[in-house]
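Student: Need coordinates for the below:
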Amino acid sequence: MTAEEFWEKSGLAGTYEAWSFGDEPDKLAELVLQKIKTATCSAYDLYQIDNEPLPKVGDYSVILNSSDQAVCIIQTLKVYVTEFNQVSEEHAFKEGEGDRSLEYWRKVHESFLINELASVNKAFNENTKVVCEEFEVVYR
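Tutor: The predicted model follows:
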């Protein structure tokens, strides 16, 4: 089902963004459905370059799989910007990946952010700003 069809079926009001998670959209969407993944992060610089507003509390997102089919709808509960090296163990745990440790989170996200920033000719370092979001599934 497309994002638009899924949104209409949900009966929710307002607007939404439709997107998929990083390098492993199917795996990460499944973690969201299982309520294991309740947080995510993205590169702050990409918002600035694209002149895109940061996510805000109350925003809806239709989560897509690798085939651009809707999986669920989430609502943003918390948003904050911090440096990569300041991301907390709690946030890493809420991201739900691997063993849910901060060490695992840093390893995986450093690689992801290096690639994302390289695509816009930016370099990653420990002080790179990230946008951290927490969310809940509101429709599946």
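Student: Now for Ala118, how many residues are close by?
Tutor: 11 (other C-beta atoms under 10 Å). Glycine gets a C-beta too; all of them are placed from N, C-alpha and C.
Student: And it, what's its pLDDT?
Tutor: At Ala118, the predicted lDDT confidence score is 95.
Student: Now Ala18: which helix or strand?
Tutor: Assigned by DSSP states H and E, Ala18 belongs to strand 16-19.
Student: List of residues touching that strand?
Tutor: Identification of contacts with strand 16-19 by C-beta atoms under 8 Å, 6 or more residues apart in numbering yields Ala3, Trp7, Asp59, Tyr60, Ser61, Val62, Ile63, Leu64, Ala70, Ile73.
Student: Stretch 53-71 too?
Tutor: Residues outside stretch 53-71 that contact it (C-beta under 8 Å, 6+ apart) are 1-3, 5-7, 12, 14-21, 25-26, 29, 32-33, 47, 72-79, 81, 131, 133, 135, 138, 140.
Student: Now that stretch: buried residues?
Tutor: By neighbour count on 16 or more other C-beta atoms under 10 Å, the buried set for stretch 53-71 is Pro55, Asp59, Tyr60, Ser61, Val62, Ile63, Leu64, Asn65, Ala70, Val71.
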